[in-house]
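Colleague: Any chance you can model this:
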Amino acid sequence: MIRPILKMGDPRLLQESRPVGEFGTTQLHSLIEDMFDTLRAANGAGLAAPQIGVPLRVVIFGSPDGLPSPRYPDQPPVPRTILVNPVLQPLGDEIEEGWEGCLSVPGLRGMVPRHRRLRYSGCGPDGRPIERIADGFHARVVQHECDHLDGILYPMRVRDFSRFGFTEVLFPELAAAVAED
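Modeller: Have a look, this model is predicted:
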């Protein structure tokens, strides 16, 4: 089922999410299915449960078909991932700036600093451990989605507001891909 995506200004987006306590439940599988339905309908790169009003530490991201996201066509594809109770560990001190948008902040993009490389771990919906090393765009997507679990939206990380604006102005070539914003 496609669920409404909360927009910036909704206080639920600023709350810290609770860890998932039980794996393999019908409720968790239903939530994840709804998240994928919602993500596909919005043509997004990732989605966190708080964005659809569920304060649980669950994120999904990546492409099921191995193709780049239409919202970020110049970036490499990110593997389709369901990550429950994620933990992020930066690998090194290198910070990289890159453009980000968000389904909860429609129509805008900003230049955001993120760790270039990290290890992420957590569980799949069945409770099986997941651990991966990610860099570049993959690392950026993971950090962006996990920020939602702590009540952080990407504009809170923007350092230079001269590099924050409307997608249609900054990236007119992407106007069709983000028309749903």
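Colleague: can you tell me the helix or strand for the most centrally placed residue in the chain?
Modeller: For the chain, the residue nearest the mean C-alpha position is Glu145 (3.0 Å; C-alpha atoms, centre = their mean). Secondary structure from DSSP states H and E places Glu145 in helix 136-149.
Colleague: After the longest helix seen in the chain, which helix or strand is next?
Modeller: Scanning the chain for the helix with the most residues, using DSSP state H, yields helix 26-42. Using DSSP H and E, the helix or strand that follows helix 26-42 in sequence is strand 46-48.
Colleague: in the next helix-or-strand element following that next one, what's buried?
Modeller: Using DSSP H and E, the helix or strand that follows strand 46-48 in sequence is strand 58-61. Within strand 58-61, the residues scored as buried using 16 or more other C-beta atoms under 10 Å are 58-61. (Each C-beta comes from the backbone N, C-alpha and C, glycine too.)
Colleague: contacts for strand 58-61?
Modeller: 20, 28, 31-32, 35-36, 39, 45-49, 78, 80-84, 86, 141-142, 145-146, 148-149 (C-beta atoms under 8 Å, 6 or more residues apart in numbering).
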